[in-house]
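Q: quick one, what's the 3D model for this:
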Amino acid sequence: MQRRELLMAVGAGGVLAAQAASAAQAGANVQLSASELAAQMVAGKTSSVKLLDGYIKRIEALDRRGPTLNSVMELNPDAKALAKVLDDERRAGKVRGPLHGLPVLLKDNIATGDRMATTAGSLALDGVSAARDAHVVKRLREAGALIMGKTNLSEWANIRSTRSTSGWSARGGLTRNPYALDRNTSGSSSGSATAIAADLAAFALGSETDGSIVSPASIGGLVGLKPTVGLVSRDGIIPISHTQDTAGPMTRTVADCALLLSGMVGKDTLDEATHKSPGITNYVNGLKRDALKGVRLGVAREYFTGHAGVDALIDKALLDLKRLGAEVVDAVPLPKPSYGEAEFLVLLTEFKADLAKWLKAFAPGAKVQSLADVIAFNEMHRNREMPHFAQELFAQAQGMGGLDGAAYLKALQTCQKGARDDGLDRVLTDLKLDALIAPTGGVAWLSDYVLGDNPGSGFSTPAAVAGYPHLTVPAGFVAGLPVGLSFVGPAWSEAKLLAYGFAFEQATMHRRPPAFAARTALV
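A: As a prediction, this is how the structure comes out:
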């Protein structure tokens with residue numbers, strides 16, 4: 001970079017930092033953790049109305065203007081009225097639960113039966129309100145959470161093109177990384193990650209099929225949890241795959257993650273996978289600073305990134321884990337997935353079938369009622385829907401057979417055997433491990449409409465394909481960009497993973513808020 005360009009970048013960063021500081025003043029106490037805000041409401045020091053007002057001011061200052069993060073797609077037009085109701089209930093002695101009055105953002109593929117649209121970022125569903133709440137939204141409302149708005153995402157959760165730019169949707173545009181605005185947010189829960197990193201809500205929901213919670217959480221300096229498939233109902237989430245899809249919390253701290261998860265879980269008559277869940281309703285109680293003592297953690301060395309700075313951070317984290325009492329077993333035999341093609345076939349086949357079911361149940365009045373309809377819509381509106389990349393994955397999915405096809409059933413079996421029987425189950429059992437650890441992925445790459453994403457390696461696929469839980473926790477920074485440490489365990493081990501992550505977080509405290517730098521740091 002030339003000296004003049006460097007000075008311009010520094011100058012732009014200073015302006016953005018000043019705007020961020022001004023927004024912080026406008027939002028006052030909203031930069032506290034969700035758990036701290038909950039305690040303040042119990043003590044009568046703040047209210048849902050005050051928090052909502054602070055967050056809206058920050059969204060105006062940082063998301064709409066200033067750095068123009070572009071993470072919040074839509075604000076709930078009924079949010080202020082709902083916040084007042086929740087405050088009135090608290091004053092009357094009716095508190096629905098620990099989430100009472102806390103504002104939460106939802107990824108815009110999670111159905112809300114209100115005046116907000118549910119679109120997956122697509123113009124094909126612009127203005128279409130869902131017929132009813134997704135089960136997880138119903139649970140959050142029952143727990144007292146304030147549904148504040150919807151976040152931007154990689155359109156259709158990044159299943160449209162092989163050359164997509166994560167964080168972009170036709171409806172929402174491109175979400176920007178608050179740590180360096182020239183860098184990508186990863187996806188597909190891009191808006192949720194950026195919004196929480198920038199303190200635009202108490203916490204947010206993302207969703208994941210393979211990496212869509214943990215990758216943007218890692219890149220956004222956040223805690224992100226992809227739960228076991230079935231811990232949170234899949235009902236109402238615009239699908240890619242009923243085998244792998246799940247919603248999950250994206251937060252600034254592990255305690256906030258446990259708090260939000262507690263309000264999301266619950267058995268659902270419309271999702272049989274939830275009937276196998278362990279029935280834990282409070283994930284906060286298990287958080288302990290000494291939770292790593294005596295725990296056996298296996299290092300999935302094959303999933304290290306090859307980037308010297310990133311891998312050095314994770315090696316330092318291994319020393320911290322040992323210092324905290326964990327027994328670290330290095331270089332466990334968990335090879336890179338050999339079932340990638342099978343996973344791809346499963347996802348495309350399930351997407352075609354599952355999307356039609358969602359549209360029929362949640363958007364019966366929409367002009368599109370099938371994947372074929374969406375493909376035709378995109379062609380008709382090519383200038384707005386496909387200015388940067390096309391829909392070749394949609395075309396492949398449309399050509400897939402049904403859920404009873406031999407190729408699909410064989411691929412499903414290959415995935416289960418590779419990810420579970422010969423993968424996570426084998427290594428966890430044979431080595432008597434409590435969890436596996438590795439870098440969640442590399443640092444954020446430059447956003448590029450010409451070449452698309454360049455994410456490098458990541459650790460999301462084994463847990464995603466197996467349907468097992470995966471927690472990422474901040475582990476430090478490389479060139480000012482966050483890096484996450486992953487904890488992966490067997491099915492239904494969320495409580496343990498959160499406890500391990502909490503102990504690591506509290507001992508290291510790596511997270512720091514973004515400064516909205518115009519460009520990536522050079523040192």
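Q: from now on I want contacts and neighbour counts done on CA atoms only, so please keep to that.
A: OK.
Q: isn't Arg252 up against Ser35?
A: No. At 10.1 Å, Arg252 does not count as touching Ser35 under the criterion of CA atoms under 8 Å.
Q: so which of these two has more stuff around it?
A: Higher neighbour count among Arg252 and Ser35: Arg252, with 29 against 20, using other CA atoms under 10 Å.
Q: what's the closest non-adjacent residue to that one?
A: Leu222 (5.1 Å; CA to CA, 6 or more residues apart in numbering).
Q: show me what contacts the one you found?
A: Taking CA atoms under 8 Å, 6 or more residues apart in numbering as the criterion, Leu222 is in contact with Ala193, Ile196, Ala197, Met250, Thr251, Arg252, Thr253, Thr472, Val473, Pro474, Gly484, Arg511.
Q: just to check, the fifth one is in contact with Gly206?
A: No. Thr251 sits out of contact with Gly206 when judged by CA under 8 Å, with a separation of 10.1 Å.
Q: and the residue nearest to Arg252, how far is that from Thr175?
A: In this view, Leu222 and Thr175 are 16 Å apart by CA to CA, to the nearest Å.
Q: ditto for Gly187
A: From Gly187 to Thr175 the distance is 10 Å (CA to CA).
Q: shared neighbours, the two?
A: Counting by CA under 8 Å, 6+ apart, the common neighbours of Gly187 and Thr175 are Leu153, Gly167.
Q: least confident secondary structure element in this protein?
A: Every helix and strand in the chain was compared by mean pLDDT, DSSP states H and E; the lowest is helix 3-27, with a mean of 47.
Q: what's the following helix or strand after that helix?
A: Later in the chain than helix 3-27, the nearest helix or strand by DSSP states H and E is helix 34-42.
Q: now that following helix: buried residues?
A: Neighbour-count burial for helix 34-42 flags Ala34, Ser35, Glu36, Leu37, Ala38, Met41 (criterion: 16 or more other CA atoms under 10 Å).
Q: the first one: what's it in contact with?
A: Going by CA under 8 Å, 6+ apart, Ala34 touches Leu102, Ala202, Phe203, Asp256.
Q: equivalent analysis for the fifth one, please.
A: When the contact criterion is CA under 8 Å, 6+ apart, the partners of Ala38 are Pro98, Leu99, His100, Leu102.
Q: same list (the residues you listed) but as CSV, adding secondary structure, neighbour count and pLDDT.
A: Shown next, in CSV, are the contacts of Ala38 (DSSP: H, G, I helix; E, B strand; the rest coil; neighbours: other CA atoms under 10 Å; pLDDT from 0 to 100):
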residue, secondary structure, neighbour count, pLDDT
Pro98, coil, 19, 94
Leu99, coil, 25, 98
His100, coil, 26, 98
Leu102, coil, 28, 98
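Q: nearest to Val137, of these?
A: Using CA to CA, Leu99 comes nearest to Val137 of these, at 12.7 Å.
Q: one step back: ok, the buried residues of helix 34-42 vs Ala406, which is closest?
A: Nearest to Ala406 among the buried residues of helix 34-42, with distances taken as CA to CA, is Ala34, at 47.8 Å.
Q: tell me how far that closest one lies from Cys257.
A: Applying CA to CA to Ala34 and Cys257 gives a distance of 9 Å.
Q: what number of residues lie near Phe377?
A: When counting by other CA under 10 Å, one arrives at 17 neighbours for Phe377.
Q: correction: the previous question concerned Asp425.
A: Neighbours of Asp425 (other CA under 10 Å): 18.
Q: that one sits in which helix or strand?
A: helix 425-430.
Q: what's the mean pLDDT across that helix?
A: Helix 425-430 shows an average pLDDT of 98 in the prediction.
Q: then that helix to CSV, C-alphas only?
A: Coordinates of each C-alpha in helix 425-430 appear next as CSV, following Å, rounded to 0.1, in the frame of the first residue of the first chain:
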residue,chain,number,x,y,z
ASP,A,425,-18.0,-41.7,17.1
ARG,A,426,-15.0,-43.9,16.4
VAL,A,427,-12.3,-41.3,17.5
LEU,A,428,-14.3,-40.1,20.5
THR,A,429,-15.0,-43.7,21.7
ASP,A,430,-11.7,-45.3,20.9
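Q: quick one: buried residues of the following helix or strand past it?
A: Using DSSP H and E, the helix or strand that directly follows helix 425-430 along the chain is strand 435-439. By 16+ other CA under 10 Å, the buried positions in strand 435-439 come out as Ala435, Leu436, Ile437, Ala438, Pro439.
Q: many thanks, I have nothing further to ask.
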